[in-house]
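Colleague: got a predicted structure plus its sequence, pasted below:
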Amino acid sequence: MRNKFYLVISFVLLSITMAFSQETKKESKDTLTIGADLMSRYIFRGTDIGHGSPSIQPNLEYSRGKFAIGLWGAYSINITESQESDIYATYNVTDAISFTLTDYYFPTDDGNYKYFDYKKLSTGHLLEANISYSGTEKLPLTAMLATNFYGSDAIRKFKDGTPKGIQYSTYAELGYSLKWFDAFIGFNLTDPDESLGETGFYGDSFGVVNLGITATKNVKITKYFDLPLTFSLITNPQAQKIYFVFGLSI
């Protein structure tokens with residue numbers, strides 16, 4: 001296909017059709033959610049994507065029954081080169097299990113990027129497939145597995161150093177909800193060959209790259225409005241980094 005953009009659009013339309021066809025009118029409810037987070041730093045799976053800058057993260061999601069499609073962004077306040085604009089589609093198989101396809105994109109303010117370029121060798125998009133389990137009330141254990149399958153992933157190389165293909169970088173995470181906070185641990189499941197000069201998307205070897213806790217609290221502002229606050233302690237043992245992150249949501 002000359003342009004992978006049409007493949008993504010076809011997938012989204014097919015997902016919408018499948019989701020709608022499995023619901024009755026009684027079960028189908030339209031919901032539009034709009035919000036934004038202000039985070040002291042943008043840490044993504046153990047890596048400081050925002051380069052130390054506070055980050056504004058707007059979101060928009062439309063859901064109907066078991067299907068949802070949304071937009072999510074991250075815009076660093078101090079660094080204009082650190083931006084992110086994502087599109088995702090989610091299908092909830094059950095109340096606890098869901099599949100998500102995400103199109104990650106990282107534009108810059110210099111205007112040299114081409115958003116609709118989905119060609120294999122030049123695209124700035126990164127496509128990820130994700131399956132997640134949200135747990136139950138009796139067993140609040142969560143699990144997630146995500147794999148990059150197309151686009152600007154880390155590169156595998158031949159012995160002569162020429163590109164061989166993408167790494168298909170894979171990340172897995174387990175979480176558990178406790179009384180005062182949620183604990184999580186994330187793993188890089190890709191092992192780049194350092195002898196060939198390969199690097200990893202999440203880390204340069206198998207191992208733990210995201211470990212920490214997150215606590216949330218709703219602060220009552222008015223009779224009808226609470227302000228959700230979030231605090232996270234995040235460490236990356238492989239990179240030997242630690243982050244204290246604070247955020248609020250509207």
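Modeller: Looks like it arrived, so ask away.
Colleague: list of residues touching the biggest strand by length in the chain?
Modeller: For the chain, the strand with the greatest residue count under DSSP state E is strand 207-220. With contact meaning CB atoms under 8 Å, 6 or more residues apart in numbering, strand 207-220 is reached by 45-47, 171, 173, 180-188, 202-203, 226-239. The way it works is simple: take the backbone N, C-alpha and C, and place the C-beta from them, glycine included.
Colleague: relative to the helix or strand following that strand, what are the paired strands and their orientations?
Modeller: Downstream of strand 207-220, the next assigned helix or strand under DSSP states H and E is strand 226-236. Each strand that pairs with strand 226-236, with its direction, by DSSP bridges: strand 207-220 (antiparallel), strand 241-249 (antiparallel).
Colleague: before we move on, the earlier item: average pLDDT across the longest strand of the chain?
Modeller: Across strand 207-220, the average pLDDT comes to 95.
Colleague: flag every buried residue along that strand.
Modeller: For strand 207-220, a neighbour-count test (16 or more other CB atoms under 10 Å) marks Val209, Asn210, Leu211, Gly212, Ile213, Thr214 as buried.
Colleague: hmm, back to that, now list the buried members of the contacts of strand 207-220.
Modeller: For the contacts of strand 207-220, buried by 16+ other CB under 10 Å: 45-47, 171, 173, 181-182, 184-188, 202-203, 230, 232, 234-236, 238.
Colleague: narrow the residues you listed to those in helices?
Modeller: In helices, judged by DSSP state H, none of the buried ones among the contacts of strand 207-220 are found.
Colleague: among the residues you listed, which are in strands?
Modeller: Using DSSP E, the buried ones among the contacts of strand 207-220 in strands are 47, 171, 173, 182, 184-188, 230, 232, 234-236.
Colleague: state the pair within those that is farthest apart.
Modeller: Greatest spacing in those, by CB to CB: Asn188 and Thr230 (24.2 Å).
Colleague: tell me the helix or strand right after the helix or strand where Asn59 lies.
Modeller: For Asn59, the host element (DSSP H and E) is strand 55-64. Downstream of strand 55-64, the first helix or strand assigned by DSSP H and E is strand 67-76.
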